[in-house]
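Trainee: Sequence plus predicted model, see below.
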Amino acid sequence: MKDCLFCKIVAGEIPCAKVFEDGSVLAFLDINPAAKGHTLVIPKKHFETLAEMPDAELGKLAIAVRDIAKAVVKETKTQGFNVVQSNGTAAEQEIPHVHFHIVPRFVGDGIGMRWKRAKYSSGAEMAGLAEKILKLTENERR
């Protein structure tokens, strides 16, 4: 995608502070980090959402996220990390190219990840929704 910020970074049109690169994945430090070491991990091929990614591409990306997270934690000497991945504007995806955020964390660092909690009206409502999602997931996996 010629107008995609991340595709321009992959193409070398925009510089980045690269922390990893192979044939299918690029990882670099976020220029507006939540914490020092905040890293973005992206597929080199353009996919807007996770749902669009073929299994092989997603597998390579997931393994890279794991390995890069280990390196980020080791180098930043943090106590933990968040992996954040958003899909679509309703989920606050700002750049329409799949990307994972690895955010190094310390206890009491003030970085928020709080959700307003939703409630099911009953156990039956929850069970019914779970059953419908299960059927759709089984269809997707065939």
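Mentor: Done, it's in.

Trainee: Buried ones in stretch 80-92, by neighbour count?
Mentor: For stretch 80-92, burial by neighbour count (16 or more other CB atoms under 10 Å) applies to 81, 86. In this view, the C-beta of every residue, glycine as well, is placed from N, C-alpha and C.

Trainee: Only alpha carbons, please: show it as CSV.
Mentor: Taking C-alpha atoms only, stretch 80-92 is exported to CSV below (Å, rounded to 0.1, in the frame of the first residue of the first chain):
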residue,chain,number,x,y,z
GLY,A,80,6.8,-7.8,32.6
PHE,A,81,5.3,-6.6,29.3
ASN,A,82,2.0,-6.1,27.5
VAL,A,83,1.4,-7.3,24.0
VAL,A,84,-1.3,-5.1,22.4
GLN,A,85,-2.8,-5.6,19.0
SER,A,86,-5.9,-3.7,17.7
ASN,A,87,-8.1,-4.3,14.7
GLY,A,88,-10.3,-1.5,13.2
THR,A,89,-11.0,2.0,14.2
ALA,A,90,-13.5,0.9,16.9
ALA,A,91,-10.6,-0.9,18.6
GLU,A,92,-8.4,2.3,18.2
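
Trainee: can you give me how far that stretch is from the chain middle?
Mentor: 6 Å (CA atoms, centre = their mean, to the nearest Å).

Trainee: Can I get the lowest-mean-pLDDT helix or strand in the chain in CSV, CA atoms only?
Mentor: Least confident helix or strand, the chain: helix 123-140 with a mean of 93, by mean pLDDT, DSSP states H and E. Extracted in CSV, the C-alpha atoms of helix 123-140 (Å, rounded to 0.1, in the frame of the first residue of the first chain):
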residue,chain,number,x,y,z
GLY,A,123,-25.5,-17.2,32.5
ALA,A,124,-27.8,-18.3,29.7
GLU,A,125,-26.9,-15.2,27.6
MET,A,126,-23.2,-15.9,28.1
ALA,A,127,-23.6,-19.6,27.2
GLY,A,128,-25.6,-18.8,24.1
LEU,A,129,-23.0,-16.3,22.9
ALA,A,130,-20.2,-18.8,23.6
GLU,A,131,-22.1,-21.5,21.6
LYS,A,132,-22.5,-19.3,18.6
ILE,A,133,-18.9,-18.2,18.6
LEU,A,134,-17.8,-21.8,19.0
LYS,A,135,-19.7,-22.8,15.9
LEU,A,136,-18.3,-20.0,13.8
THR,A,137,-14.8,-20.7,15.1
GLU,A,138,-15.2,-24.4,14.1
ASN,A,139,-16.3,-23.3,10.6
GLU,A,140,-13.3,-21.0,10.3
